[in-house]
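> Okay, predicted coordinates and the sequence, questions at the end:
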Amino acid sequence: MHHLFESNLPRVDYFPFSKYTTPGFRLAEFLLETASLSSQVRVSNMDYTGGPTLFPLHRCKTIHLVRHGQGIHNVEGDKNYKAYLSPEYFDAYLTTLGWQQVDNLRKHVHASGLFKRIELVVTSPLLRTMQTAAGVFGGGGYKDRMDILPLMVANTGYSDRSAISSLDCPPIIAHELCREHLGVHPCDSRRSISEYQCLFPAIDLSLIESDEDTLWKANVRETKEEVMARGIKFLN
């Protein structure tokens, strides 16, 4: 999952990216539950409608929560839940359908005018979420320039995609606290930050404290309460 932020103030939108969601975990819903304690929550198609809030609009920013596109683990997990335990789907990448979903959302974000209002994109440091963030909110096709890094290099995660430019797009930063449900499922484990830096040169990974994944445990899975607490910490 990745999260589109204009700021961390009270207004929250949730955009359900697709029907393919990871069984047993909905970080977006947990975040919405916590957000609803102190703010109005709207489920929308990312179009700003200016509804009533608990705070003056001039003091508010909008937070859009967006799921990643379909990953290879979602396809197999829908057939057999035990597939989520397979090392084969370690740090799962987007499927062809997942990339189509990315393309469709990118078109919507631009056509609606929302893209021009985006100030910051926050993504979890996983392959599928950074692919989604780069594909939806990145610049156009990348042309080799020494002074400009690509947002995503060509063919990242077997995508058969051209490199994506970091020009004319909002800054994208990765944050560990908005990762998916941690533990047991290899698809939710991440690669080293060093490897991601090669794949996503212009995504800001400076907030990640450890090069290796020290949060994911092979034999211990977060409880829902722990995920909710992490969501609250992330929003704060």
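Perfect, I can see it now. Numbers count the residues shown, from 1 in each chain.

> Please tell me how far P125 sits from A133.
Going from P125 to A133 by CB to CB, to the nearest Å gives 10 Å. All C-beta spots, glycine's among them, are computed from the backbone N, C-alpha and C.

> Settle it for me: which of the two has more neighbours?
A133 (31 against 23; other CB atoms under 10 Å).

> What residues sit buried inside the longest helix along the chain?
Longest helix of the chain, by residue count under DSSP state H: helix 96-111. When burial is assessed from 16 or more other CB atoms under 10 Å, helix 96-111 yields the following buried residues: G98, W99, Q101, V102, L105, R106, H108, V109.

> how deep is the closest residue to the first one other than its chain neighbours tucked in, by neighbour count?
Spatially, and ignoring its direct neighbours in sequence, G98 is nearest to G69 (3.2 Å; CB to CB, 6 or more residues apart in numbering). Counted with other CB under 10 Å, residues neighbouring G69 total 29.

> And G69, how close does it get to I193?
Counting by CB to CB - G69 and I193 are separated by 22 Å.

> What of V102?
For V102 relative to I193 (CB to CB), the value is 23 Å.

> can you check V184 too?
Counting by CB to CB - V184 and I193 are separated by 22 Å.

> As a check, name the ranges of all strands in this protein.
Assigned by DSSP state E, the chain shows strands spanning 2-5, 11-15, 41-43, 62-66, 120-123, 150-152, 164-165, 172-174.

> Show me where this protein has its helices.
27-35, 72-79, 96-111, 127-137, 193-199, 224-235.

> Tell me which of the ones you listed sits most buried.
Per residue and on average, the most neighbours among those fall to helix 127-137, with a mean of 27 (mean count of other CB atoms under 10 Å).

> helices and strands around it, which ones?
If contacts are counted by 3 or more CB pairs under 8 Å, 6 or more residues apart in numbering; DSSP states H and E, helix 127-137 sits against strand 2-5, helix 96-111, strand 120-123, strand 150-152, strand 172-174, helix 193-199.
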